[in-house]
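**Student:** Output the structure for:
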Amino acid sequence: MRPRPAINEAQFLALPLYQCGGAGWGWTMRFGAVLTAARGLSARCAVLLLACFVTISSVFAEDDYSKLAYRERTQLTKCFSDMLTVVKRHSLRKQLLYFLEAGCAAEMSNYSDALFDALSFQLPKEFQDSQRMRGLVARLLAGQPIGSMERTAERLYTEQSVSFCSGDACPLDKYRKCLLLQISGEVTKRTEPLDFEKIAQTKCGTTEGAARSALIIDFLSAQRLQRDPKLSKKTHELIEEVITEIRHESVISYHEHLAAVQPGRKSCRKEVELCGTCINSVITIEEPEYKCAVGYEGKPTKITLKLVEQRGGKALANTQWSVLTPGGNVLAEETPAVVHLHEEYGATLLRVVARNKGRSYEHEFEVRPGVDVELEVLVR
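**Tutor:** Residues are numbered from 1 along each chain as shown. Alright, predicted model coming up:
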């Protein structure tokens with residue numbers, strides 16, 4: 001049996017439910033099938049769900065939704081405004097919508113429920129009896145007005161003026177500058193990009209911590225004014241993504257400098273900004289560029305494993321192997337002594353476990369994307 005396709009909430013809310021007024025029942029039935037597969041709804045409930053939106057589409061078409069759940073809508077607008085101010089202060093345009101939804105999740109849920117209550121008289125009884133259906137319908141009802149508010153936030157990001165920090169007074173720019181300043185010294189040494197990343201991260205550890213702390217403090221200050229005063233796990237993850245993205249951009253820039261002095265090394269992007277003058281620019285990173293810069297181009301990592309009694313000795317037969325992440329997730333379990341990892345990992349530590357004659361032997365080792373490894377594990 002094939003697994004049901006998964007649709008995350010962002011994708012689900014982005015589906016064009018509110019454009020179905022003139023689509024007819026053929027469209028409704030097809031989309032009902034998608035809902036059934038994705039959410040496990042009965043076909044009847046899925047069809048009723050979409051039919052009810054055709055019925056109430058006139059409410060949204062006439063912008064009357066702005067008068068519904070007005071108090072909750074105002075709270076959500078204020079939350080979006082507070083988060084927008086922090087996002088713009090740190091020039092996080094690309095992550096704007098993610099930070100809005102992470103910081104205002106409680107307001108979005110509250111608004112969705114209030115909108116459901118305001119429109120419940122137009123909904124079939126099935127949608128009101130089931131808590132699961134109620135939650136689903138509430139999110140769908142709020143999809144269009146929330147989407148409209150997010151588009152407004154994007155427009156305001158461009159139009160509104162905010163007091164920006166600049167130069168070393170801006171923690172993210174200071175961190176970016178510190179990373180870029182490491183380039184020239186390491187290029188002369190012909191340091192590999194992954195090694196450069198480690199060196200630069202070590203030398204810029206203080207500025208990285210300051211940049212992270214600045215984001216946490218600013219977002220926490222805005223969050224304390226909302227329904228949920230604590231930073232969500234998602235907001236913390238987004239902050240880490242921002243820090244990682246800046247570091248990856250420095251690795252890409254370093255690789256381009258290295259490519260200029262090493263004829264055999266190819267460029268990883270068509271237009272290169274060797275940032276001497278672009279410290280304050282908005283940087284957009286494509287992850288494939290970083291993987292190219294650190295040497296990963298789709299080649300699986302080949303790990304040759306040997307359980308030996310002494311270095312350079314003969315491999316013991318009948319050894320079973322497991323390769324695990326530091327968190328204990330199993331990446332491979334093999335009886336042969338050769339493992340191919342197809343996962344796209346950066347430089348990271350992995351753990352190998354060898355089992356032979358009822359005994360287990362563990363060893364940690366570093367793996368880099370596309371770089372083959374020969375590892376001997378000693379019997380102790």
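**Student:** Now do Lys78: how many residues are near it, please.
**Tutor:** Lys78 has 14 neighbouring residues, counting by other C-beta atoms under 10 Å. Placement of C-beta: from N, CA and C, glycine included.
**Student:** just checking, it is part of a helix?
**Tutor:** Yes. Using DSSP: H, G, I helix; E, B strand; the rest coil, the assignment for Lys78 is a helix.
**Student:** Report the contact partners of it.
**Tutor:** Leu225 (C-beta atoms under 8 Å, 6 or more residues apart in numbering).
**Student:** From Ala153, how far out is it?
**Tutor:** 12 Å (C-beta to C-beta, to the nearest Å).
**Student:** and what of Pro145?
**Tutor:** In terms of C-beta to C-beta, Pro145 sits 13 Å off from Ala153.
**Student:** Where does Leu350 sit: helix, strand or coil?
**Tutor:** Leu350 - assigned by three-state DSSP - is strand.
**Student:** bridging residues for the residue lying closest to it once chain neighbours are set aside?
**Tutor:** Nearest residue to Leu350, sequence neighbours excluded (C-beta to C-beta, 6 or more residues apart in numbering): Val367, at 5.3 Å. Per DSSP bridges, the residues bridged to Val367 are Thr348.
**Student:** Touching, Val367 and Thr325? I think so.
**Tutor:** No. Between Val367 and Thr325 there is no contact under C-beta atoms under 8 Å: 10.4 Å.
**Student:** More neighbours: which of these two?
**Tutor:** With neighbours defined as other C-beta under 10 Å, Val367 and Thr325 compare such that Val367 has more, 21 against 14.
**Student:** on that earlier part again, could I get the pLDDT score of the residue nearest to Leu350?
**Tutor:** pLDDT, Val367: 75.
**Student:** ditto for Gly276
**Tutor:** Reported pLDDT for Gly276: 41.
**Student:** ditto for Tyr111
**Tutor:** 90.
**Student:** Tell me who's in contact with the nearest residue to it once chain neighbours are set aside.
**Tutor:** What sits nearest to Tyr111 in space, not counting adjacent residues and going by C-beta to C-beta, 6+ apart, is Glu72, at 4.2 Å. Counting by C-beta under 8 Å, 6+ apart, Glu72 makes contact with Glu107, Asn110, Tyr111, Asp113, Ala114, Leu115.
**Student:** try 10 Å
**Tutor:** Going by C-beta atoms under 10 Å, 6 or more residues apart in numbering, Glu72 touches 107-115, 117-118, 142, 227.
**Student:** Checking my notes, it in a helix, right?
**Tutor:** Yes. Applying three-state DSSP, one finds Glu72 inside a helix.
**Student:** so what does the one helix or strand Leu119 maps to touch, helix or strand wise?
**Tutor:** In the assignment (DSSP states H and E), Leu119 maps to helix 105-119. Where contact means 3 or more C-beta pairs under 10 Å, 6 or more residues apart in numbering; DSSP states H and E, helix 105-119 is packed against helix 43-61, helix 70-89, helix 96-103, helix 126-129, helix 131-159.
**Student:** For this structure, which segments count as strands?
**Tutor:** Assigned by DSSP state E, the chain shows strands spanning 301-308, 320-324, 330-334, 338-341, 348-356, 359-367, 373-378.
**Student:** Out of those, which is closest to Glu101?
**Tutor:** strand 348-356 (29.2 Å; C-beta to C-beta).
**Student:** so what secondary structure elements neighbour the closest one?
**Tutor:** Secondary-structure packing of strand 348-356 (3+ C-beta pairs under 10 Å, 6+ apart): strand 301-308, strand 320-324, strand 330-334, strand 359-367, strand 373-378.
**Student:** CA atoms of that strand as CSV?
**Tutor:** Coordinates of each C-alpha in strand 348-356 appear next as CSV, following Å, rounded to 0.1, in the frame of the first residue of the first chain:
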residue,chain,number,x,y,z
THR,A,348,29.8,16.1,11.0
LEU,A,349,30.8,13.4,13.5
LEU,A,350,29.2,10.0,13.2
ARG,A,351,29.4,7.0,15.4
VAL,A,352,30.2,3.4,14.2
VAL,A,353,29.4,0.3,16.1
ALA,A,354,31.1,-3.0,15.2
ARG,A,355,29.7,-6.3,16.6
ASN,A,356,31.8,-9.5,16.5
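**Student:** Which positions in that strand come out as buried?
**Tutor:** Leu350, Arg351, Val352, Val353, Ala354, Asn356 (16 or more other C-beta atoms under 10 Å).
**Student:** would you turn the residues you listed into a markdown table with pLDDT and distance to Met149?
**Tutor:** Listed next are the buried residues of strand 348-356 as a markdown table, based on pLDDT from 0 to 100; distance: C-beta to C-beta, whole Å:
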| residue | pLDDT | distance to Met149 |
| --- | --- | --- |
| Leu350 | 80 | 44 |
| Arg351 | 82 | 47 |
| Val352 | 85 | 50 |
| Val353 | 87 | 51 |
| Ala354 | 86 | 56 |
| Asn356 | 87 | 61 |
